[in-house]
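>>> Generate coordinates for the sequence data below:
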Amino acid sequence: MTALANWTMLSFGWRRLLALLVAGAVAGLSVAPLFILPALFVALPVLVWALDGAERRPSWGRLFGPAFQIGLAFGLGYFLVAIHWIGAAFFIEGGAMLGLMPLAVLALALGLAVFWGLASSLAHALWSEGPWRILALAASLALFEYLRGHVLTGFPFDLVGYGLTANDEMAQAASLVGIYGLTLVAILIGATPALIWPADERGLVRRLVPFFAAMAVIALQVGYGHQRLATTALETRDDIRLRLVQPAIPQDLKWELANREQTVERLIGLSESRTTPADPGLPGVTHVIWPESALPFFLSDFPDALARIARMLPDGVTLLTGAPREDYLPDGRADHSRPGYNSILAIDDAGEVVASYDKTHLVPVGEYLPFQDFFAQLGIGQFVPGANGWAPGEERRLMSTATTPAFLPLICYEAIFPGELGKLVQGAQFILNVTNDAWFDGSIGPAQHFHHARLRAVEQGVALVRVANSGVTALVDPLGRVTARLREGEMALLDVVPPRPLGQTLYGRLGDWPFLAAVALALLGLGLARRRARR
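Model (predicted):
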């Protein structure tokens with residue numbers, strides 16, 4: 001290990017960048033669904049040693065110099081492994097889009113790696129020869145992971161902190177500090193082996209103390225989680241019973257107009273089926289829930305669908321379904337000239353749309369295309385079809401009907417943004433996340449997306465009801481435990497009753513402010529120490 005540390009510090013050029021690319025790829029194994037936590041303890045020390053040997057450059061060379069290149073290469077390896085599944089969507093589209101797949105995955109990974117490059121530049125500006133340098137790396141990288149989740153609409157997939165949420169016990173810490181707080185902790189403890197090697201005048205025991213402290217932090221995390229799971233009582237409810245429908249409609253057929261009749265038949269037939277001979281069917285539930293874009297057409301174009309839904313629903317039963325929605329003109333006609341909305345519609349037993357929610361956080365490239373005019377000339381459009389594109393909803397809000405308790409609706413991608421739930425979730429009886437991950441069938445994407453959404457339940461202490469086209473459809477209790485689940489790719493249904501919310505968690509009360517304060521104090525302290533050392 002001493003030889004590896006010395007080689008990394010002394011390496012330069014393409015050899016150093018290749019080593020960091022490999023190390024970053026190893027670190028990428030720590031996220032869902034693999035959760036190989038030791039990968040962080042192997043990879044992050046390589047990043048520390050490389051920064052130990054990074055040359056210092058004046059002016060702009062310091063910002064985009066060797067330290068930036070080190071972080072960029074490490075981040076590129078990390079994201080190529082962690083988000084490679086994005087490429088699966090290009091196989092659905094085929095044609096020109098399939099040819100762009102390798103370039104698109106590389107471009108996305110490289111764009112995200114820029115944040116890690118800037119973090120390494122900041123860390124190197126605060127660098128020292130002692131153990132405080134791993135705090136410089138942890139604070140800088142955690143800050144830029146937070147920025148990655150917010151800048152240019154944000155993309156907080158695979159934050160490093162997810163590596164510390166591999167099981168129910170470990171995940172409970174998210175109720176205290178959130179996923180960004182866990183990201184700071186994960187980087188700090190994962191880098192501790194860099195303080196063991198290379199050997200110097202310090203004795204072995206002294207060099208091992210930080211590593212053993214990191215192990216103690218993990219032990220405390222698991223202990224806290226075990227205690228919380230063992231002592232927290234959940235309150236059941238009897239006012240609602242939800243039927244979750246996973247239709248498993250192939251993505252390449254979903255948006256074909258010729259298939260909409262077949263789509264409605266499958267959804268209704270599956271909803272009316274019975275899970276067991278003793279199952280009363282639809283009369284035994286209060287709500288039927290279909291996934292994102294379950295109805296892949298505007299209801300104004302196929303009004304018979306509402307009539308058929310009304311015939312399906314028993315008295316008092318409400319359907320919550322994903323469907324595109326249009327604005328309407330004053331005379332009541334649909335306004336086809338404006339972009340539509342990716343929405344959740346509540347439809348009562350009379351076939352009336354009684355409430356709706358429009359997705360506020362659209363997916364770049366998926367639901368809108370930056371520089372759309374340019375790409376249109378190349379025959380390239382957003383993945384989700386739409387003649388006039390898609391518009392974001394005006395604001396996030398709770399959703400309810402006369403027979404439905406208030407819940408927080410999240411459509412697909414919206415569930416990966418922890419800070420966006422805000423105070424709204426305090427008034428929600430459960431979180432409803434409808435999604436269509438069929439774009440990524442056969443990859444680790446659906447499992448990874450589900451785990452990200454699951455952490456929102458832990459952070460807020462509110463049950464998560466998740467309904468997907470082909471997976472993962474599940475009920476997650478307010479402690480993040482999966483209490484019922486359908487297999488990926490299975491055409492089936494699931495009847496569930498979400499528990500009542502817990503009292504507000506510490507993270508729910510304070511949000512990311514403690515994390516931001518800790519990062520700010522660390523960077524300020526390191527900056528002052530660096531200035532004093534120069535003097």
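>>> For the rest of this, base every contact and every neighbour count on C-alpha atoms.
Noted.
>>> Would you enumerate the residues in contact with E272?
Residues in contact with E272 (C-alpha atoms under 8 Å, 6 or more residues apart in numbering) are 281-282, 312.
>>> center of the protein - which residue?
When C-alpha atoms, centre = their mean is applied to the chain, the residue found nearest the centroid is I416 (3.1 Å).
>>> other SSEs contacting the biggest helix by length in the chain?
Across the chain, the helix with the greatest residue count (assigned by DSSP state H) is helix 95-125. Contact here means 3 or more C-alpha pairs under 8 Å, 6 or more residues apart in numbering; DSSP states H and E; on that basis helix 95-125 packs against helix 60-63, helix 66-82, helix 88-93, helix 132-148.
>>> coming back round to it: okay, the contacts of E272 in a markdown table with secondary structure and neighbour count next?
Formatted as a markdown table, the contacts of E272 follow (DSSP: H, G, I helix; E, B strand; the rest coil; neighbours: other C-alpha atoms under 10 Å):
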| residue | secondary structure | neighbour count |
| --- | --- | --- |
| G281 | coil | 16 |
| L282 | helix | 20 |
| M312 | helix | 19 |
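>>> Make TSV out of these and add distance to I347.
Listed next are the contacts of E272 as TSV, based on distance: C-alpha to C-alpha, whole Å:
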residue	distance to I347
G281	18
L282	15
M312	11
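>>> Quick check: next helix or strand after the helix or strand bottoming out on mean pLDDT in the chain?
In the chain, the helix or strand scored least confidently by mean pLDDT, DSSP states H and E is helix 372-376, which has a mean of 53. Later in the chain than helix 372-376, the nearest helix or strand by DSSP states H and E is strand 399-401.
>>> Strand partners (parallel or antiparallel) of that following strand?
strand 404-411 (antiparallel) (DSSP bridges).
>>> angle of the following helix or strand past the strand it pairs with against strand 404-411?
Scanning forward in sequence from strand 404-411 by DSSP H and E, the next helix or strand is strand 431-435. Put simply, strand 431-435 runs at 40 degrees to strand 404-411, going by axes from the mean of the first three to the mean of the last three C-alpha atoms, to 10 degrees.
>>> Report all helices and strands that the helix or strand that strand 431-435 is followed by contacts.
Past strand 431-435, further along toward the C-terminus, the next helix or strand under DSSP H and E is helix 445-460. Helices and strands touching helix 445-460, by 3+ C-alpha pairs under 8 Å, 6+ apart, are helix 174-190, strand 464-468, helix 506-510.
>>> quick check: angle from helix 445-460 to strand 431-435?
Using the same axes, to 10 degrees: helix 445-460 against strand 431-435 is 170 degrees.
>>> chain center to helix 445-460: distance?
In this view, helix 445-460 has its centroid 6 Å away from the chain centroid, taken as C-alpha atoms, centre = their mean, to the nearest Å.
>>> likewise stretch 269-289?
Using C-alpha atoms, centre = their mean, the offset of stretch 269-289 from its chain centre is 31 Å.
>>> What is the end-to-end distance of it?
Criterion C-alpha to C-alpha, to the nearest Å; first-to-last residue distance in stretch 269-289 is 14 Å.
>>> Heading C-terminal from whatever helix or strand Q262 lives in, find the next helix or strand.
Assigned by DSSP H and E, Q262 belongs to helix 260-272. Going down the chain from helix 260-272, the next helix or strand is strand 287-289, by DSSP H and E.
>>> For that following strand, which strands pair with it and how are they oriented?
Sheet pairing for strand 287-289, using DSSP bridges, gives strand 242-246 (parallel), strand 318-325 (parallel).
>>> Deepest in the core, which of those strands is it.
Across those, averaging neighbours per residue (mean count of other C-alpha atoms under 10 Å) puts strand 242-246 on top, at a mean of 26.
>>> Next, the buried residues of the helix holding Q262.
260, 263-264, 266-268, 270-272 (16 or more other C-alpha atoms under 10 Å).
>>> Just the angle for it relative to strand 242-246, thanks.
140 degrees.
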